[in-house]
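Trainee: Sequence plus predicted model, see below.
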Amino acid sequence: MAGKRTIGLEKTERDADPFVGGQVDPDRHRPVVDGKRIKGRGTRSNQTGRFEPYQKEPVDDGWGGAWDDDDLPPFRTEVQEEKSRTIITRNDSPDIPFDRSINPYRGCEHGCVYCFARPSHAYMGLSAGLDFETKLFAKPDAATQLSQELAARGYKPRPIAIGTNTDPYQPIERRYRLMPDILDVLIETGHPVAIVTKSSLILRDIDRLKVLNERNLVKVALSVTSLDNKLSRALEPRAASPKRRLETIEKLAEAGIPTSVLVAPIIPALNDDELEAILSAAYDAGAREAGTILLRLPNEVSPLFQDWLLQHYPDRYRHVMSILRSMRGGKDYDSRTGHRMRGSGPHADILSKRMDVACRKLGFATRRTRLSLKYFNPPARNDAQLTLF
């Protein structure tokens with residue numbers, strides 16, 4: 001970043017990118033953390049956020065000792081509580097099937113290396129790398145804020161999406177239990193909700209989901225990236241195993257809750273060959289709708305993912321990035337509406353056709369479940385006159 005000063009030197013790894021004029025890119029030096037400090041984490045980089053005026057890096061002063069990563073304490077999950085001005089986030093993107101969402105948490109302990117939400121931590125003065133999965137923010141007043149916003153004059157109900165940025169059922173939800181209170185508000189007000197997760201923890205709230213489903217107010221999507229345990233653990237180190245996700249689909253479907261599978265992200269030459277197998281396994285488990293999204297590499301996610309590839313699948317690095325760039329107009333990422341979710345070109349067209357053929361063959365629904373809006377009953381406003389009866 002222009003204008004950013006660097007303080008100190010850190011152990012670095014130089015990665016040769018064969019697609020930068022066929023030569024090593026001299027600026028592609030990625031600070032990395034090695035050893036037991038990052039066991040169970042998705043990335044090994046904690047590079048300073050892009051909005052910070054200084055690039056901070058620890059210095060090897062020659063005295064040894066704490067310079068050895070293994071002698072330093074491991075990265076622990078830290079959670080700060082925050083009170084945001086609003087809990088419902090709005091968007092008007094034409095390629096997103098919802099216009100409002102709730103994120104009970106900032107950052108995500110699942111540690112998915114590909115997560116497109118990682119760059120949002122830069123706005124907190126933190127790194128999109130290890131900070132994103134270890135320095136988390138919880139919103140304990142989320143349910144109270146939601147109730148207040150639903151009570152606002154002129155509020156018109158539309159399905160609220162939860163889990164589209166960070167997972168609401170990530171591990172710290174076991175302690176904070178924000179989702180039960182949020183679901184209680186939605187039950188009380190008759191408001192529709194669509195939930196996306198890759199965690200089996202959602203089954204804790206299955207009784208609340210059943211109540212919502214009695215009035216057609218809920219649907220759930222499970223994200224399944226791979227059926228390969230090794231690949232899944234490397235990509236999503238603290239998320240539920242593929243088997244547990246399929247079992248979660250099965251239990252939700254058995255409870256009558258509309259359940260779908262999201263095969264995402266599709267990573268060319270890494271998990272794209274599993275598309276049909278994932279769809280088949282999810283359908284057998286009870287999913288009746290399906291979707292897919294191409295890998296997105298905005299801002300800091302691109303170098304993080306490339307470093308992950310070189311660490312775990314160095315033999316596939318060139319092939320994965322070559323195909324992905326061919327689907328993104330020669331770039332790591334194309335943020336244009338209509339392109340960012342699926343890419344363009346022959347590879348994107350083939351993936352789209354494979355998805356369509358597999359869904360038709362298996363019997364997935366061609367139309368999305370439409371949630372009901374007719375039951376919405378806003379909570380009383382704080383300024384409302386009290387009634388006598």
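Mentor: Received, thanks.

Trainee: Give me the three-state assignment for R328.
Mentor: coil (DSSP: H, G, I helix; E, B strand; the rest coil).

Trainee: Chain neighbours aside, what residue packs nearest to it?
Mentor: D334 (4.4 Å; C-beta to C-beta, 6 or more residues apart in numbering). C-beta coordinates here come from the backbone N, C-alpha and C atoms, glycine included.

Trainee: do P104 as well
Mentor: Per C-beta to C-beta, 6+ apart, closest to P104 is L178, 4.3 Å.

Trainee: And H110, by the same measure?
Mentor: A239 is the one closest to H110 (C-beta to C-beta, 6+ apart), at 4.4 Å.

Trainee: what's the burial count for the one you found?
Mentor: Neighbour count of A239, defined by other C-beta atoms under 10 Å: 27.

Trainee: My understanding was that it contacts Y114; is that so?
Mentor: No: using C-beta atoms under 8 Å, A239 makes no contact with Y114, being 11.7 Å away.

Trainee: residue boundaries of the strands in the stretch 101-250 of the chain?
Mentor: Using DSSP state E, counting those that start in this stretch, the strands found in the stretch 101-250 of the chain span residues 105-106, 135-138, 160-162, 193-197, 218-223.

Trainee: for the longest one, packing partners?
Mentor: So that's strand 218-223. Counting contacts by 3 or more C-beta pairs under 8 Å, 6 or more residues apart in numbering; DSSP states H and E, strand 218-223 packs against strand 193-197, helix 206-213, helix 242-254, strand 259-266, strand 289-294.

Trainee: Please repeat the previous calculation with a cut-off of 10 Å.
Mentor: Counting contacts by 3 or more C-beta pairs under 10 Å, 6 or more residues apart in numbering; DSSP states H and E, strand 218-223 is packed against helix 178-189, strand 193-197, helix 206-213, helix 242-254, strand 259-266, strand 289-294.

Trainee: by how many degrees do that strand and helix 206-213 diverge?
Mentor: Our comparison of strand 218-223 with helix 206-213, counting by axes from the mean of the first three to the mean of the last three C-alpha atoms, to 10 degrees, yields an angle of 130 degrees.

Trainee: For the residue nearest to N213 when sequence neighbours are not counted, grab phi and psi.
Mentor: Spatial nearest neighbour of N213, excluding adjacent residues (C-beta to C-beta, 6+ apart): I257 at 5.1 Å. Backbone torsions for I257, taken as degrees, to the nearest 10, come to phi -80, psi 130.

Trainee: close enough to count as contact, I257 and E250?
Mentor: No: using C-beta atoms under 10 Å, I257 makes no contact with E250, being 11.2 Å away.

Trainee: For those two, work out which one has more neighbours and name it.
Mentor: A count of neighbours by other C-beta under 10 Å puts I257 above the other of I257 and E250, at 20 against 16.
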